[in-house]
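Novice: Dropping a prediction and its sequence here:
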Amino acid sequence: MRSRRAILVEGGSALALAATPSLAAPQGPDFPFPGGEGARPLTKDFPQKGIMVLQRSRPPMLETPFSDFDKGVFTPNDKFFVRWHWSDIPTEIDAKAYRLAVRGQVQNELSLALPDLLKFPRVEIAAVNQCSGNSRGFFEPRVAGGQWGNGAMGNARWAGVRLRDVLEKAGIKSNAVAVRFTGLDKAPVSDGPQFKKSLGIDHARQPEVLIAYAMNGKALPLLNGYPIRLVVPGWYSTYWVKMLSDIEVLDAPDDNFWMKTAYLIPDTPHADMKPGQAGVAMVPINRMLPRSFITNLAPGARLKAGARASLRGLALGGDSGVAKVEVSADGGRTWQVAKLGADEGPYSFRRWTADLAMGGAGQAVLAVRCTNTAGDVQPDQANWNGSGYMRNVIEQTPVTLV
Amino acid sequence: MKRFFLIGAAALLIPALSAAAPAFKSVQLEFPPDTASFPDGPNVKIVNQNCLACHSADMVLDQPLLPRATWAAEVAKMRTTYKAPLKDEDMPLIVDYLAATHAPPQ
């Protein structure tokens, strides 16, 4: 089912597209998921979006074609992945009427118009936004849910105001324990649980948590949360509430469905458990883990035997910076330290490059692993949990040396 | 060492005083129409009537091949958790469709 052509197009779609501009509908990827069902079309039908991998039409789930990650550490707005929970998403935003409510355990409830946000100090931060279930399709045994490849992630320079500045303006009462965020998306059924996420009050007061009104110097695309979204650097994107409309300071831990029942992970290193394992303590998903990818070679690439290959890719540290990236030409038996590119901050993608000596003719497996500044390193065994969250196994790229 | 930390802090959060204020404009956009229905199979009419109310067919068709029991749990979750108004009598018919069209070979 998985053709060689599909492999080449999936890994190097930019090249394929450039080489075949007359093709009206370039072939989408066929992800090498265990058990198959990995073929996806490309689409450019979504507003403010370029060519994306169509994972789901409604509510939209759009994946960044992997070849786009080779172009730089910042993901263009029109190529940034999209994921919504409910299909009732506003397609119209009235900028004058838009309000952000701040309420609950505060001294003064606020109703902020968009220009009101500009009165707070403006800050910028580079941060990776990654879906909790990025790479879920590679779980084995497979699990239900959005069957992403590796492209449900992106890195942007977010600009906006500190959440804590807005909270301080409202005046947080001393009994506050959490802050809950709601956007404008709604369930199409009246009693479906509205999407809401919370941060602990101490986290909400951290200076890196932003209400962002710009992304890579431009307004957010509607599908990425226009006009404003929460930015929670180092944490999975489930917390980065889009079309943010309501901030509620709570005096008790949030027990709404999306915190108490959904988005739970095993409380184990790398959120790992055995299929069917009983009695595993579960906690809300939280910090991201280190990951790294080769971006300039697709699986199945042919390289010169006995020569040095130029490798290039991206790494993220998770909730801390990238300390080290290493590459391997022998499937992870021996490692060579890669050169790191410009440091855009601890929450950003970081470019890495390496010239790596290839072995003799035949099949080989390239690998790349990241260690973050907290000392956490990618594992060589894939984690597993029933929701398909937090995959961060060392990526392997099979190549043919000729 | 102190200098290092100052540089780190600057990279983390840059006050962007020089940047122009964003222009908040009203937008009105359209999402592409979603007209696809489920491919033929037992009870496909019931499946189309129920499942497409909240999500497109590709949400289901892109899932891995799942055993009948897993499909039954997924359909139950749609009703109990996500409040899909599924009738009792339609639930096994939907599960039959999924088990017939999107389950691993026996």
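Specialist: Arrived safely.
Novice: contacts, neighbours, all on C-alpha from now
Specialist: Noted.
Novice: and B:Q49, what does it touch?
Specialist: Taking CA atoms under 8 Å, 6 or more residues apart in numbering or on different chains as the contact definition, B:Q49 lies against nothing.
Novice: cutoff 10 Å now
Specialist: Applying CA atoms under 10 Å, 6 or more residues apart in numbering or on different chains to B:Q49 gives the contacts B:S37, B:L86.
Novice: which element is it on?
Specialist: Element membership for B:Q49 (DSSP states H and E) is helix B:44-51.
Novice: Buried residues, that helix. List them.
Specialist: By 16 or more other CA atoms under 10 Å in any protein chain shown, the buried positions in helix B:44-51 come out as B:V44, B:V47, B:N48, B:N50, B:C51.
Novice: Next, give phi and psi for the closest residue to the second one other than its chain neighbours.
Specialist: Spelled out, that is B:V47. In space, and not counting its chain neighbours, B:V47 is closest to B:I94: 5.7 Å by CA to CA, 6 or more residues apart in numbering or on different chains. Backbone torsions of B:I94, given as degrees, to the nearest 10, read phi -70, psi -40.
Novice: Would you confirm that B:I94 contacts B:A73?
Specialist: No. Between B:I94 and B:A73 there is no contact under CA atoms under 10 Å: 11.6 Å.
Novice: These two: which has the busier surroundings?
Specialist: With neighbours defined as other CA atoms under 10 Å in any protein chain shown, B:I94 and B:A73 compare such that B:I94 has more, 24 against 11.
Novice: so who does the residue nearest to B:A72 when sequence neighbours are not counted touch?
Specialist: Distances taken as CA to CA, 6+ apart place B:V95 nearest to B:A72, at 5.6 Å, with adjacent residues excluded. Neighbouring residues of B:V95 by CA under 10 Å, 6+ apart: B:42-43, B:47, B:68-76, B:101.
Novice: From A:T295, how far out is B:V95?
Specialist: In this structure, B:V95 and A:T295 are 40 Å apart, going by CA to CA, to the nearest Å.
Novice: what do you get for A:E109?
Specialist: Counting by CA to CA, the gap from A:E109 to A:T295 is 47 Å.
Novice: go on, A:G192?
Specialist: 40 Å.
Novice: And A:R312, by the same measure?
Specialist: From A:R312 to A:T295 the distance is 6 Å (CA to CA).
Novice: list residues touching both of those two?
Specialist: Contact criterion CA under 10 Å, 6+ apart; residues shared by A:R312 and A:T295: A:D70, A:R351, A:W352.
Novice: which residue is nearest the middle of chain B?
Specialist: Taking CA atoms, centre = their mean, the centroid of chain B lies closest to B:M59, which sits 5.8 Å from it.
Novice: give me phi/psi at it?
Specialist: Here is the backbone geometry of B:M59 (degrees, to the nearest 10): phi -60, psi -40.
Novice: For it, which non-adjacent residue is spatially closest?
Specialist: B:M59's closest residue in space is A:R56 (CA to CA, 6+ apart), at 5.5 Å.
Novice: Bridged to the one you found, which residues?
Specialist: Assessed by DSSP bridges, A:R56 has beta-bridge partners A:M61.
Novice: Show me which of A:E109 and A:T295 is the more surrounded one.
Specialist: With neighbours defined as other CA under 10 Å, A:E109 and A:T295 compare such that A:T295 has more, 21 against 17.
Novice: residues contacting that one?
Specialist: A:11-12, A:66-72, A:311-314, A:351-352.
Novice: how many neighbours does A:R162 have?
Specialist: With other CA under 10 Å as criterion, A:R162 counts 26.
Novice: Report whether the expected contact of it with A:H203 is present.
Specialist: No. Between A:R162 and A:H203 there is no contact under CA under 10 Å: 12.0 Å.
Novice: Please enumerate the shared neighbours of these two.
Specialist: A:V209.
Novice: burial count for the residue in the stretch 151-300 of chain A that chain B sits nearest to?
Specialist: The stretch 151-300 of chain A approaches chain B most closely through A:G192 (5.2 Å), counting by CA to the nearest CA. Number of residues near A:G192 (other CA under 10 Å) recorded here: 17.
Novice: per-residue confidence for it?
Specialist: On the pLDDT scale, A:G192 is placed at 93.
Novice: now swap in B:K25 and tell me
Specialist: On pLDDT, B:K25 comes in at 95.
Novice: Could you pull up the contacting residues of it?
Specialist: Per CA under 10 Å, 6+ apart, neighbours of B:K25: A:I93, A:D94, A:A95, A:K96, A:A219, A:Y226, A:P227.
Novice: ok, now A:A338?
Specialist: Listed by CA under 10 Å, 6+ apart, the contact set of A:A338 reads A:311-313, A:324-328, A:351-356, A:368-370.
Novice: So the closest residue to A:M358 other than its chain neighbours: helix, strand or coil?
Specialist: The shortest distance from A:M358 to any non-neighbouring residue, by CA to CA, 6+ apart, is to A:G306 (5.1 Å). Recorded secondary structure, A:G306: coil (DSSP: H, G, I helix; E, B strand; the rest coil).
Novice: For stretch A:279-286, output the C-alpha coordinates as CSV.
Specialist: Listed in CSV are the C-alpha atoms of stretch A:279-286, where the atom choice follows Å, rounded to 0.1, in the frame of the first residue of the first chain:
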residue,chain,number,x,y,z
GLY,A,279,-4.3,1.0,38.9
VAL,A,280,-2.2,3.7,37.2
ALA,A,281,-2.5,7.1,38.8
MET,A,282,-3.6,9.7,36.3
VAL,A,283,-2.9,13.5,36.3
PRO,A,284,-3.7,16.3,33.9
ILE,A,285,-1.2,16.5,31.0
ASN,A,286,1.4,19.3,31.6
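Novice: And chain B, is it touching that?
Specialist: No. Shown here: stretch A:279-286 not in contact with chain B (CA under 10 Å from any CA of the partner chain), separated by at least 17.6 Å.
Novice: Mind telling me what element the closest residue to B:F24 other than its chain neighbours is part of?
Specialist: In space, and not counting its chain neighbours, B:F24 is closest to A:A95: 5.8 Å by CA to CA, 6+ apart. Following DSSP H and E, there is no helix or strand that holds A:A95.
Novice: In this structure A:A95 contacts B:P22, no?
Specialist: No. Assessed by CA under 10 Å, A:A95 is found out of contact with B:P22, at 11.8 Å.
Novice: coming back round to it: what's the distance between the residue nearest to A:M358 and chain B?
Specialist: Going from A:G306 to chain B by CA to the nearest CA, to the nearest Å gives 40 Å.
Novice: Look up phi and psi at that residue.
Specialist: Residue torsions, per degrees, to the nearest 10, at A:G306 are phi 70, psi 10.
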